[in-house]
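> take this sequence and fold it.
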Amino acid sequence: WTVADLGCGTGWATATLAPHVGRVIGVDFSQAMLKAAGRRTEGLPNVELRKGTLEALPIEAGCCDGALLLLVLAYVAQPAPVVREMARVLKPGGRAVIVDLLQHDREDFRRQMGQEHLGFGAPDLTRLLGEAGLTTVRCQELPPEPEAKGPALVLATATRPGQPSHSRHEGEQNA
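The predicted structure is shown next:
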């Protein structure tokens, strides 16, 4: 699989995914974050780091089996173009995964973290993914850890319509 880690930051997820997939493309706008991600992924030959915006990804259309937005969407002013770009880079049958803050009312937390949004509810994410042309949308609230200081999280997944261009081995499950 080729997986895009959109808003990869310091590359934690990129490095964690690398041993389990064929290729990981990490994208971030911050040169400092990409430098940190480069240090973290040094020696991983299947990782590519690219500088670019989430609204105009430096990734070819239809080349990714999976795309991730992990704790990123709350930081962007306009989430819809970002989710459309996520959908654009997916192959038919490709999977989109978003993990972000669940909708909350902690304005102080939002300001402190420099976020644009007070999280997202399942209806918000369902609408965003659907408007981007993705189907089979599923959303699930993730309970916070007892010691967590921030709001709870929400997980959303969706699929780009169409048949995958690669075959799966019998018994292999979707990622």
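
> packing partners for the longest strand anywhere in the chain?
Scanning the chain for the longest strand, with DSSP state E as the assignment, gives strand 90-101. Contacts of strand 90-101 with other secondary structure elements, assessed using 3 or more Cβ pairs under 8 Å, 6 or more residues apart in numbering; DSSP states H and E, are made with strand 64-70, helix 79-89, helix 122-131, strand 153-159. C-betas here are computed from N, CA, C, even on glycine.

> which one of the ones you listed lies closest to A36?
With Cβ to Cβ, the closest approach to A36 among the helices and strands packed on strand 90-101 belongs to strand 64-70: 15.4 Å.

> coming back round to it: average pLDDT for the longest strand of the chain, rounded please.
Confidence over strand 90-101 (mean pLDDT, whole number) is 96.

> contact partners for M86?
Contacts of M86 were listed using Cβ atoms under 8 Å, 6 or more residues apart in numbering, and they are 4, 6, 57, 67, 69, 96, 132.

> if we can go back for a sec, run the angle between the longest strand of the chain and strand 153-159 for me.
Here strand 90-101 runs at 170 degrees with respect to strand 153-159, directions being taken by axes from the mean of the first three to the mean of the last three Cα atoms, to 10 degrees.

> which pLDDT does the model give R168?
You'll see R168 listed with a pLDDT of 45.

> output the lowest mean pLDDT helix or strand found in the chain.
Taking mean pLDDT, DSSP states H and E as the measure, the helices and strands of the chain show their lowest mean at helix 107-113, namely a mean of 87.

> A61 and P92 touch, don't they?
No: with contact defined as Cβ atoms under 8 Å, A61 and P92 do not form a contacting pair (11.3 Å).

> re earlier: could you dump the helices and strands packed on strand 90-101 into JSON lines with distance to V27 added?
Output for these, formatted as JSON lines (distance: least, Cβ to Cβ, whole Å):
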{"stretch": "strand 64-70", "distance to V27": "10"}
{"stretch": "helix 79-89", "distance to V27": "9"}
{"stretch": "helix 122-131", "distance to V27": "19"}
{"stretch": "strand 153-159", "distance to V27": "19"}
